Each structure stands twice: as structure tokens, then as C-alpha cells.
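A.B. asks: Structure for this input, please:
(3 chains)
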Amino acid sequence: MTDARTPIIVGGDRGPQPSLGAGSPAAAGGPRADEDLLAGLNPPQREAVTYRGQALLIVAGAGSGKTSVLTRRVASLLRNKEAWPSQILAITFTNKAAGEMRERVEQLVGDSARGMWISTFHSACVRILRREAEQFGFTKSFTIYDSGDSRALIKRLVKDHEADAYGLTPAGTQGRISKLKNELADAESYARQANMSDPAERVFVDVFTDYQRELQRANAFDFDDLIGQTVYLFRAFPHVADVYRRRFRHILVDEYQDTNHAQYALIHELTRPPGSDAPPIASGGMMIFEPEPSAEDAASLTVVGDSDQSIYAFRGADIRNISEFERDYPGAKVVLLEQNYRSTQNILSAANAVISHNFDRKDKKLWTDVGAGEKIVGFTGYSQHDEAQFVADEVDTLRREGIDYSQMAVFYRTNSQSRALEEIFIRSAVPYKIMGGTKFYERAEIKDALAYLVAVSNPADEMAMRRIINKPRRGIGDVTIETISRYAQDEQITFRDALANSSALGVGPKIQAAIAHLDAVLAEATDLMLPASGELAPPTAVAEGLQLLLGRTGYTDALRASRDPQDEARVENLDELVAVAREFARNNPEGTVIDFLAEVALVSDADDLEDASGSVSLMTMHTAKGLEYDAVFVTGVEEDLIPHRISAGEPGGPQEERRLFYVGLTRARKRLYLSLAMTRAQFGEVSVAMPSRFLQEIPPELLHWRQSPGDVNSRGGTQSRALNARRPGGGSGFGTSASRYGDDLVPRSTSIEKFANRIPAKVRDNGDMQLAPGDRIRHDDFGEGRVDAVTGEGAKRIAHVRFDAVGPKKLLIKIAPIEKL
DNA sequence: GAAGGCAAGTTTTTT
DNA sequence: ACTTGCCTTC
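C.D. replies: Residues are numbered from 1 along each chain as shown, chains lettered A, B, ... in the order given. Purely as a prediction, here's the structure:
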């Protein structure tokens, strides 16, 4: 995030000039410096690495080695001295992908990789905006509002405008504003084409306008603004845009199919020839020699994508960005990568078959030469817990076959599905890691702590001030807050500065003292973290400042004094946040609290953890994009889940769901499992689930049903008929093994009675029950058994038990339903 | 201003 | 089923 080391190279001062231009020096003959970079690449991959021209589209199917191609392309540019690191801008989808790419380029070219910009759209824009914020009414210390922050602000505005009377909800309003911003519309441009005689439209425009005004007043950008305002900046200040157009000579964008219009526009701005829209006289134009702009001067653009993996249309991604690339960039070269190096042929054939049901797509067939591999395994559980138990058992089997936990992943459509899996995994002692879900940084205590940091680093941010002013309780309520706010407005100062004049507020002595104390602590923390005199804060300043704030304000003490057991965990979370700050200091010795906040705001689920080594990964199919595992479980393959019910009504919805399913399938290298449940509890009600239509799109010979939907509907009830009705005349499909056993056969190993409500809502806690090898125990479900061994530490101690009836099992001692005999 | 009780919405995916 | 937010009461 910090970038003091990398000076911008401006036009006219490009430093030593690497060989540039249309004729690739490498192609001109002679030994290539990058021959080893091409080792092991197939012909299209080579082409994608070596092609030199203004625009290149790499259509990279799943698992076709695009990351390899992209990194080698960058490495070869550097190696051949066609570009300096500082002239390269590579955009990836997540921070994690950016980190990996940097690492891989460094492996290829060593230290000369330094100075490249490899980051997400959002991070790159933050860097640009930090430098240029003062051009348009922001300061360098602006804060970034995440969706929660902007939701809170919108909520207040909706209330102020009594907009709920016109059917505006905070969530809906936020969604509309986000969509509009992704289209680069603002309140004014929207109002111009909206039907303003509709009062609901008028009030929406009012809320939108106020929202934007509040953001500006708070010196803050929301996620969408980071992109949109950068585009605005480039368009409004061509001389600023030219700085970056001259700097970045090679722009590479990964996952191009998931870019939205604003991101498209940003790339478009950056790839225009410098000077092309600067008025000749303006902005020192006479000082800098400006040659007649030509297409040759524009940065070269490489985009990589696969329209079959476009899964973010719901947040404004426009598939046309990739499908019309050749029109947008005339003369663009297109390279197709279709050979897959990841999955077995069976997995690919299934994926190909599914995705081919999407009409309106360019036909593309992945293939591999690694062989058919294992069949895909299907399983139908009676309930989501039954399904989860299957997954847990199978994970165990795979582990015994030698596949590491870290090489297995379980995918689901919605985050809420993770709960049942979690419960079963805990009981089966399968180590797991949930990627995403309820995020660390969304916890109340973490948001509070971060708000304290914002209060220090961006005094204009009144939202943050309001958040912390009475946490912990200081006796400052709504009335006092409004008094301070009014005082600040009257005096034309910020809310933060108003605290310094607590005596002028006309509040009671107790409250006045509380305000003065808060002001003093904030001032002290500011001195520590952002020393005024130009001296640099020590790297540890963020962590220390955070501890100072939480300690001196009594925040931690209040949690400790509480008798709510959850507050204990909150203290631990805060400790973890301090640890994160320390880690940040190690990685960014010159990073300030402002950089820290930006980094924290922009981390995503996929970035989250280090490799979760030794654990099975649980995540949504969206999060799974770009990842790969030896064994993959796609769970909840049911109608109304995948495809999700809500998508059914949206144009293009079912097709996007199919692409999402396709993404899930293609993550698997060797083993693929598809599972579903016949009943699923949601909203507290148990409802009957139907197998997903996507299952029927998989050729039956590729799929082995361990337990098919037909097996489970053995009584030939309405479900079974409903299923058959979906496939008139279709012989294959579900129930292959049902037909083998006949419709009336009772399912073998499982029954509804056995699995109904097996899982208690509350997990029990055995405390620190001591077990040793040789001890005998009794388990609620498994009966009596003997302990073979105990492994693990603390709350994660695991007993390896040989049960008399059911054989060996592993149990998490703390929560297993067991008693010592 | 705080605590406790009731109502409502929640579960589509995310930088 | 579960959480969150709003309202009442102290």
C-alpha cells in the first residue's frame, strides 16, 4: 500500500528507455533471453507470452494455465528489457492472487520485479487517489467505507428523508446506488433521465445526493467510488491521467469477464495515448514537449478471461467487456487456451456438458491428456446433516488414501449452508477452515476498534466519531451527540475538533469530563501514530496506538467486566487485531495507520487466511473462483439453491448460475463429489428439496450415484414422480441405482428416522475432560469404546477411539457426546 | 441512559 | 432458528 520508494516516472523523463515499439526486439531474431520462460508451454501459451502488440485477449478456459502464462508474459517483458517494473500494471481479482503473481514473477526474474504495480482494481485506485485526492476536495487521509459503513450512512439518510414511506429500504437503496455508480452515473445524471414527477424517484435522488455529499464531507470513498472517482479524476484532469498513461506501458487485467463498466472505463482511460485529450496550452503543455499523440504511444493491454466463468453480473460485471474486446480494441490479437492441465477428463466432460446448455456462448471445449480418472460421485442425503455426514466420512476416506486435508474443499451456494457442515465436521473431528462467512472485520468490536483508528487518522469522518463516542459507555447519548454536532456546524469545525472545546458545549460536568478525556486519549494516540512534525512514526505505532486507545478509553476493561460470555471472545478478537497490526508493521515498515486501514478495508474472503494448511476449506462457489483442489465436494446441488431461487426471475440469472456451477466443477483436479439433501431446513422450517436441473445435464455414465435421489425416495412418493415428470422419456438421469433395486426397496444404510434431528442445536462442552489411552467411554450414538490415543492440544484435543460396534472414530473431546466410564 | 422484551427480517453471490 | 433493532419501562 505504501509506495514512497517508487517515484512516478512522468512524461519526458522515462529514464533509460527499454526497447519499445511495434517491432518486438525479441522477434527480430537472435537468442531470446526468455527461452527458459517458454519451457513446457504449448503453442497457444507461447503465443500468449510472446505476442507483442497493442492489445491481446487471452481466452483462458478453466485450468488452462493462465496464471503461468500471465506471469511468464510479465517476466519476459522484464527479462528482455522491454519494460521497467514501474511501467507494468497488473490487475488481479483478489489481493491474494496479486500476492501469488508477484511471488511467481519474482521467482522468474528476482528483485527486478520490485516496483511493479500488481494489485486489485480497488487497491490500485486507492494508491492513485491517495496521491491525487487533493485535486478534487479530498485529503490524503481519506477513509474507505465498506458496505457496512455505507449501509449505516444510507440507513440514516433514508430515515432523515422519511424515504421508507416511498418504499425505499436501506439495502435496496444501497444496491441501486451501487449499480448506478458501477455505470458511472451520479445523482445528477440519474436525475436528468429519471421520471422526476414520481415522488419515490425524487426522494431517491435526494438520498443519493445527500449520501454523496456526506461521503465528501467525511473525506471518504465507498468501494464503488474508489473506481468511479478515479475515472472521474482522469476525465476531469487530463494532465493527471497523462501521468499514469505515460507511466504504465503494459497493462494486464486478469478475470476480465468480471469487470464492470467503471473498471472497463478505467482501463480505457489508461490505455489512451497520453496527451490525447489535453488542451495544447493547458497544464504546462508548453513546458513539456508533446508529440502528436498516436496509437503507438498508448500502453499495451493484455486481458485474460473466460466468459464461461463470469459470475459477478449481479454486481455489475458486464460480459460484453470481454465479448466485444475485439471491437473495442481494433487489431487485437486473440489467443485461445483450451488444453486443461488441472482436471481429469471425466470432470472436464461433465463440466463441458453442463456449460454447453448455455446458449449464446462461443463453443469451447476443454480437453486434457491425463486420462479419464475416477467417476464423479453423487450422494443424496435425507437431510443437510445426512449430506454433511457423507462429506465428513468421505473426507476421512480420502485422507486415508493420502490426500491432505488442505487439498480438499467443500463448496456451497450460500453461506448459510456452512452451518450444518460445520456441526458435523466438529463432531467428526475433521479440521476445517471456513473462508469468508461472518467476517472478522465485520464483528462489532473490530469495527469499533477500527473506528477509533479512523477517528485518529481522518477527523472529518463523523460516522466513525459517532460510532465510538459512547463506546464504552460514557454517558454520552443522542442528545449530547446532537449538541456536539450542532456546535461543530456553528463553529465550522469538525465533530472531532468540537470535542476539544468540551467546556463550550454547555453540557453537564460529568459529560464534559468524559468528552475531555476522550479528546485527550485521541490526541495522545494521534501524537503517537501521526506525529505532526514530519518525523516518521515508528513501525509499531499502529499496534501501540490501538492498544493505547482500547486501554485508555476503558474499552477492553468494559468487555472484561462484562458477564456476557461472548465478551471474552471479543477481547481475544481485539488481541488478534493488535497482532494483525504488528504483522502489518513487519510487512510495511513505513506503513501508517492510514495504510493499515486501507489494507484492512480491502481484504477479501479469498485473501483471508494463509493456506489453511492441514484443514479442509469450506467456501461459497464464488469464493472458490481461481482456486483448485485435488478433491472437491459441491454440496446442496438442489433446485432453488443452485440455481438459486432468486436468480430465476432475473434476466440471465439461470445462465449465470450454470456458470457458477461450472466454476465449482472445474476446481477439482482428481475427485469430484456432488451431493444434495432431500429435505433442507431454512427459515426454521423444513422443506422438501428437489435435485438441481444441472445434475441432469451431466452424462449419466460420468456419474456414479453412491445414493441417488431415487434411492432416497424409495416409497415412490410424490417426489419421485415429480422427478420423473421432469424428464419425460428420459431414461438416464437420476435413480440409476434405484431402478436397480426397484422402487420399493427401503434404503440400505440410512433412514429418515435415524437422521432426523440428530444434531442438537447446542454443542455440549465437556470442559477439560481428561482421557488417556486405555480408558473406556460411552458415546451417545456409537456406544461403548476404548481410547487408543489422544492427540492435539487444549480445546482441540482429539480422542482416537475404537468403538465396539462401529470401529475406529476420531472425536473432539471438548464437544463429543461422550462420558468416561 | 440502560436493560429487557417483543417484532421483524433474514439467506445470493462480494471488492 | 437466529439475530437485530425498536420500544417500553425503570
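
A.B. asks: Where does chain A get nearest to DNA strand C, residue-wise?
C.D. replies: A:Gly684 (2.9 Å; Cβ to the nearest atom of the strand). The C-beta positions use only the backbone N, C-alpha and C, and glycine is treated the same way.

A.B. asks: Tell me, how many residues neighbour that residue?
C.D. replies: Neighbour count for A:Gly684, taken as other Cβ atoms under 10 Å: 5.

A.B. asks: repeat for A:Met196
C.D. replies: 11.

A.B. asks: helix or strand for the closest residue to it other than its chain neighbours, which one?
C.D. replies: In space, and not counting its chain neighbours, A:Met196 is closest to A:Arg202: 5.7 Å by Cβ to Cβ, 6 or more residues apart in numbering. Assigned by DSSP states H and E, A:Arg202 belongs to helix A:199-217.

A.B. asks: where does the stretch 451-600 of chain A dip in pLDDT?
C.D. replies: Along the stretch 451-600 of chain A, segments meeting pLDDT under 70 span A:534, A:563-565.

A.B. asks: can you pull out the helices in it?
C.D. replies: For the stretch 451-600 of chain A, the helices defined by DSSP state H, counting those that start in this stretch cover A:462-468, A:478-491, A:495-498, A:509-529, A:541-552, A:555-561, A:566-587, A:593-602.

A.B. asks: Output the ones you listed as CSV; include the columns mean neighbour count and distance to DNA strand C.
C.D. replies: Shown next, in CSV, are the helices of the stretch 451-600 of chain A (neighbours: other Cβ atoms under 10 Å; distance: least, Cβ to the nearest atom of the strand, whole Å):
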stretch, mean neighbour count, distance to DNA strand C
helix A:462-468, 23, 12
helix A:478-491, 14, 12
helix A:495-498, 20, 21
helix A:509-529, 17, 18
helix A:541-552, 21, 21
helix A:555-561, 16, 16
helix A:566-587, 16, 9
helix A:593-602, 22, 20
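
A.B. asks: picking that back up, tell me which strands and helices the helix holding A:Arg202 is in contact with?
C.D. replies: The contact analysis (3 or more Cβ pairs under 8 Å, 6 or more residues apart in numbering; DSSP states H and E) places helix A:199-217 against helix A:147-160, helix A:170-182, helix A:187-193.

A.B. asks: so which of those comes closest to A:Leu548?
C.D. replies: For A:Leu548, the closest of those is helix A:147-160, at 23.6 Å, according to Cβ to Cβ.

A.B. asks: Helix A:199-217 and the closest one, what's the angle between them?
C.D. replies: Computed by axes from the mean of the first three to the mean of the last three Cα atoms, to 10 degrees, the angle separating helix A:147-160 from helix A:199-217 equals 130 degrees.

A.B. asks: How far away from the center of its chain is helix A:147-160?
C.D. replies: Helix A:147-160 sits 23 Å away from the centroid of its parent chain (Cα atoms, centre = their mean, to the nearest Å).

A.B. asks: what angle sits between it and helix A:170-182?
C.D. replies: 110 degrees.

A.B. asks: Buried ones in stretch A:138-150, by neighbour count?
C.D. replies: In terms of neighbour count (16 or more other Cβ atoms under 10 Å), stretch A:138-150 has its buried residues at A:Phe138, A:Ser141, A:Phe142, A:Thr143, A:Ile144, A:Tyr145, A:Asp146, A:Asp149, A:Ser150.
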